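Q: I'd like to go over a predicted model; first the sequence, then the structure.
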Amino acid sequence: MKPIKLNKVFSWSLVITATLLMSHTHKDDSQTCQKKKYNILFIASDDLNNDMECYGFSFVKTPNLNRLASRATRFDRAYNQYPLCNPSRVSLLTGYRPDKTGVYNLTQKFRDNLPGAVTLPQLFMNDGYYTARVGKIFHYGVPIEIGTNGSDDSLSWNKRINPKGRDKAEEDKVINLTPDNRLGAALSYLIAEGTDDEQTDGIAANEAIKLIEENKDRPFFLAVGFYRPHCPFIAPKKYFDLYPLDKIPLAKKNNADWNDKPEAAKLVKNLNFGLSDDQMKEVIRAYYASITFMDAQVGKLLDALERNKLTENTIIVFWSDHGFNLGQHGQWFKQSLFEHSARNPLIISVPGIGSGKKTDQVVELLDIYPTLAELCSLKPPSDLQGKSLVPLLKKPETNWNKAAYTQQTRILNDQMIMGRSVRTERWRYTEWNEGKHGVELYDYTTDPDEFFNLAKDPKYSAEIKNLSSLLKKNSSGHLFIRYKHRADSLIKQGVRGPI
């Protein structure tokens, strides 16, 4: 039987039809790809400063954050709005400054003042994302509230998981070098026995991985909040072994450091708590060991994304709620308006954008909310007080011209006062109680360690005038006035806790 010959017209019609079908199929695939939503992996580390290899401090090993930074944009001048867990986290997650949220301490609830606020994860939930929290994202006390919901916001999540590990069970073994302070505010540590997976953060990482695997086929906003390096500083022994005591660097000192600084700037009145150099090295070693332990848990999450082929469709944000003093100016912990406390890490990875780049532009934690909303084409509340970082993600050297504002309350002479600070590329300017309890000015081009307060030098009067004007323009303080009256009343009654 002879093969059937197709005429030329019919042959070409088949070719054209096939081409059109293929073109239509490719177009549909492209549209489907464009419509596919980004996942969000939102990773927090509690009380983490910038003393890390991924930020140029090679002494502290962070191989997994290095890996993340190599495909992300690293923000070298990112600042929190209030260097205390609850106010800072509320500010970031609502997109409002503390003077709008009315949250200035560890116990206040933002919904008391803003009942209708749409939080960052809530915005994604409203758009059909599966939102889940593992560990500490909104505030709860460490270590006392580990394993509970603490001050979490139930309206923000489809699912909440509160891990609780061996570190919580073995608090009686913790070494406390400041025994007058409770563990959550003490220079305390434990060289832990056992494995990573027995620790609260190890459990958190494993629970988060389960959620990634269970929800890999739908868009998710997964927030994972690690507790370390919040005190007490606890990590398995292998992480302590990375940091021999005799190699631990101490903060730089200047004997005249406090000659020109206001008393209000001090959180720790007894500088360094009177600890010896060897004791301070013990604390710093434990803090750094906790960072590297936390970094290992981040690595598990990155591996899970890769294993489940989600890396190319997942935005990763790594942040801390504030920095942490390790003896700078004789200060420890947070709650100060010095650089080591007001500055914090921020790394954002967006598939195809800003791989391995960094920027020195001044940004705020407030900026995260509008950034993620823009990246995911969501419509956030119109009154957010941050600024989208998308231009910097696309072009880190872009003209930015933005300042960062950080504030902190202080009790002086049985009175609650507010300190307010503005950070520009070159300067930090701070007023305590509108200048009535002191003013500070530091020039980071000549004095990166903030040893010399220039506020009383007439040579800088013009700069002070400009910065003071900038500070006042962004300081409403109306809710603080109401809070202050209540706080002063409690102080007079002898109540001095986390008011």
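A: Now that the structure is in, tell me what you want to look at. Source: prediction; values computed, not measured. Numbering: from 1, shown residues only.
Q: going forward, measure contacts between C-alpha atoms and count neighbours the same way
A: OK.
Q: so L68 is in contact with L346, correct?
A: No - in this structure, L68 is not within contact of L346 by Cα atoms under 8 Å, at 11.3 Å.
Q: could I get the contacting residues of the residue positioned nearest the centre of the chain?
A: Centroid check for the chain by Cα atoms, centre = their mean gives S320 as the closest residue, at 2.3 Å. By Cα atoms under 8 Å, 6 or more residues apart in numbering, the contact list for S320 reads A44, S45, D46, D47, L48, N49, N344, P345, L346.
Q: kindly list the main-chain dihedrals of the residue nearest to it when sequence neighbours are not counted?
A: Spatial nearest neighbour of S320, chain neighbours left out: S45 (5.0 Å); criterion: Cα to Cα, 6 or more residues apart in numbering. Torsion angles at S45 (phi, psi; degrees, to the nearest 10) stand at phi -130, psi 130.
Q: right, and S45 touches F226 too?
A: Yes - counting by Cα under 8 Å, S45 touches F226, with 4.9 Å between them.
Q: anything in contact with each of the two?
A: Shared contacts of S45 and F226 (Cα under 8 Å, 6+ apart): M294.
Q: returning to that earlier point: need the contacts of S320 in a markdown table (columns: pLDDT and distance to Q335).
A: Output for the contacts of S320, formatted as a markdown table (pLDDT from 0 to 100; distance: Cα to Cα, whole Å):
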| residue | pLDDT | distance to Q335 |
| --- | --- | --- |
| A44 | 98 | 19 |
| S45 | 98 | 17 |
| D46 | 98 | 14 |
| D47 | 98 | 11 |
| L48 | 98 | 13 |
| N49 | 98 | 13 |
| N344 | 98 | 13 |
| P345 | 98 | 17 |
| L346 | 98 | 19 |
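Q: between the residues you listed, which is closest to K159?
A: A44 (17.3 Å; Cα to Cα).
Q: now the closest one, which residues is it bridged with?
A: For A44, the beta-bridge partners are G225, W319 (DSSP bridges).
Q: which ones are touching it?
A: A44 makes contact with K136, I137, A223, V224, G225, F226, F318, W319, S320, D321, according to Cα under 8 Å, 6+ apart.
Q: and for R89?
A: Neighbour list for R89: I137, F138, H139, D321 [criterion: Cα under 8 Å, 6+ apart].
Q: please compute how far the host helix or strand of it lies from its chain's middle.
A: Under the criterion of DSSP states H and E, R89 resides in helix 85-94. With Cα atoms, centre = their mean, to the nearest Å as the basis, helix 85-94 stands 9 Å off its chain's centre.
Q: go on, stretch 130-150?
A: Centre-to-centre, stretch 130-150 and its host chain are 15 Å apart (Cα atoms, centre = their mean).
Q: buried residues, it. List them.
A: Of the residues in stretch 130-150, 130-143, 145-150 count as buried by neighbour count, 16 or more other Cα atoms under 10 Å.
Q: quick one, strands of the stretch 201-350 of the chain?
A: 220-226, 233-236, 314-320, 325-326, 332-333, 346-349 (DSSP state E, counting those that start in this stretch).
Q: same list (those) but as CSV, adding distance to N64.
A: Output for the strands of the stretch 201-350 of the chain, formatted as CSV (distance: least, Cα to Cα, whole Å):
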stretch, distance to N64
strand 220-226, 15
strand 233-236, 17
strand 314-320, 12
strand 325-326, 23
strand 332-333, 25
strand 346-349, 12
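Q: all helices of the stretch 1-150 of the chain, in order?
A: 8-35, 63-69, 85-94, 98-101, 110-113, 120-126 (DSSP state H, counting those that start in this stretch).
Q: and the strands of the stretch 201-350 of the chain: which comes nearest K456?
A: Taking Cα to Cα, strand 325-326 is the member of the strands of the stretch 201-350 of the chain nearest to K456, at 25.4 Å.
Q: on that earlier part again, sort out for me which of the buried residues of stretch 130-150 are in strands.
A: If you go by DSSP state E, the buried residues of stretch 130-150 have Y130, T131, A132, R133, V134, G135 in strands.
Q: wait, the second one sits on L155?
A: It stands for T131. No - under the criterion of Cα under 8 Å, T131 is not in contact with L155, lying 10.4 Å apart.
Q: now do the shared contacts for these two.
A: In contact with both T131 and L155: Q122, using Cα under 8 Å, 6+ apart.
Q: take the contacts of A44 and lay them out in TSV including pLDDT.
A: Shown next, in TSV, are the contacts of A44 (pLDDT from 0 to 100):
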residue	pLDDT
K136	98
I137	98
A223	99
V224	98
G225	98
F226	98
F318	99
W319	99
S320	98
D321	98
